[in-house]
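Enquirer: the following block contains a protein sequence and its predicted model.
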Amino acid sequence: MTARHALGLALGDMYRNSWRLVPVNAALGLVLVFSTVMALAVHALLVLAVLAGPLVLALAHCSVILVRTDNLKLADAWEGLCLHWRRGLALGAVGVALGVLAALAVEFYTRSSVGWPLAFVTLYLVVLFGIYAAVLTTVAVADPELPLRVAARSAATFGAQRPGATVVLGLALLLVNVAGLAAAVMPFLTLTVAYSFVAVAHFVLPAEGEV
């Protein structure tokens with residue numbers, strides 16, 4: 001499936017199922033906002049952002065169910081949370097740790113008179129990691145019995161086999177979420193993350209009838 005086709009299918013899915021996906025996206029947004037506000041007061045409280053991990057996997061679970069069955073229920077979000085919360089915490093911890101390291105690296109490089117190229121390289125790597133993380137999350141949710149390290153290899157293999165289309169999809173979704181943040185933040189907190197995971201699920205999972 002092409003990136004463009006996946007984006008189009010996700011748009012139709014969001015139109016028909018937004019009221020089922022928005023509550024999960026909103027819960028994720030609330031956790032992110034709360035952890036950010038708390039971290040402004042006490043930096044160590046940024047660790048609360050790890051709690052967003054299980055909600056991310058619950059959202060990815062809903063996306064996988066929707067793509068596979070075209071029949072999504074609100075109860076699927078709770079099912080996904082109960083099924084994937086441990087993996088969500090693990091992936092959330094890794095994501096927060098890498099995010100902090102990336103932020104420190106960018107700050108360090110931008111303070112240096114010759115560090116701007118390295119700052120751009122760091123941001124570029126962060127974007128690539130975000131794309132990989134979305135694919136990994138979808139793979140891990142689609143096959144919950146698969147060990148996480150195996151899911152990580154599968155996600156890397158998928159990206160290596162379709163590097164151009166994967167990067168195009170990732171950049172398109174990055175623009176969607178940046179636009180959601182720019183539009184008074186609310187679209188990001190309620191819609192764009194859910195749309196992103198539905199698009200990735202369409203892109204990553206085999207089409208109906210394929211093995």
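Expert: Everything's here; your move.

Enquirer: relative to Val127, how far out is the residue nearest in space to the middle of the chain?
Expert: By CA atoms, centre = their mean, the chain has its centre lying nearest to Ala134, at 4.4 Å. Ala134 sits 11 Å away from Val127, going by CB to CB, to the nearest Å. (C-beta placed from N, C-alpha, C; glycine too.)

Enquirer: intersection of neighbour lists for these two?
Expert: Contact criterion CB atoms under 8 Å, 6 or more residues apart in numbering; residues shared by Ala134 and Val127: Gly170.

Enquirer: where do the helices sit along this protein?
Expert: Applying DSSP state H to the chain gives helices spanning 3-41, 52-69, 74-111, 116-142, 148-161, 163-182, 186-187, 193-204.

Enquirer: output those as JSON lines; include the columns mean pLDDT.
Expert: Output for the helices of the chain, formatted as JSON lines (pLDDT from 0 to 100):
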{"stretch": "helix 3-41", "mean pLDDT": "93"}
{"stretch": "helix 52-69", "mean pLDDT": "96"}
{"stretch": "helix 74-111", "mean pLDDT": "93"}
{"stretch": "helix 116-142", "mean pLDDT": "93"}
{"stretch": "helix 148-161", "mean pLDDT": "95"}
{"stretch": "helix 163-182", "mean pLDDT": "94"}
{"stretch": "helix 186-187", "mean pLDDT": "84"}
{"stretch": "helix 193-204", "mean pLDDT": "96"}
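
Enquirer: and those helices, which is most packed in?
Expert: Comparing these by mean neighbour count (mean count of other CB atoms under 10 Å), helix 193-204 ranks first with a mean of 26.

Enquirer: counting by contacts, list what that helix packs against.
Expert: helix 3-41, helix 52-69, helix 116-142, helix 163-182 (3 or more CB pairs under 8 Å, 6 or more residues apart in numbering; DSSP states H and E).

Enquirer: make it 10 Å
Expert: Contact analysis of helix 193-204 by 3 or more CB pairs under 10 Å, 6 or more residues apart in numbering; DSSP states H and E lists helix 3-41, helix 52-69, helix 116-142, helix 148-161, helix 163-182 as its packing neighbours.

Enquirer: with adjacent residues omitted, what lies nearest to Thr2?
Expert: Counting by CB to CB, 6 or more residues apart in numbering, Ala165 is the residue found nearest to Thr2 once chain neighbours are left out, at 6.3 Å.

Enquirer: how near is that neighbour to Glu145?
Expert: Distance of Ala165 to Glu145, given as CB to CB: 27 Å.

Enquirer: I'd like to know which of the helices and strands packed on helix 193-204 lies nearest to Phe197.
Expert: Shortest distance between Phe197 and the helices and strands packed on helix 193-204, using CB to CB, is found for helix 52-69: 4.1 Å.

Enquirer: just how off-centre is that closest one within its chain?
Expert: Distance of helix 52-69 from the chain centroid (CA atoms, centre = their mean, to the nearest Å) equals 10 Å.

Enquirer: quick one, that helix and helix 193-204 angle?
Expert: Computed by axes from the mean of the first three to the mean of the last three CA atoms, to 10 degrees, the angle separating helix 52-69 from helix 193-204 equals 50 degrees.

Enquirer: what packs against helix 52-69?
Expert: Applying 3+ CB pairs under 10 Å, 6+ apart, one finds that helix 52-69 makes contact with helix 3-41, helix 74-111, helix 116-142, helix 193-204.
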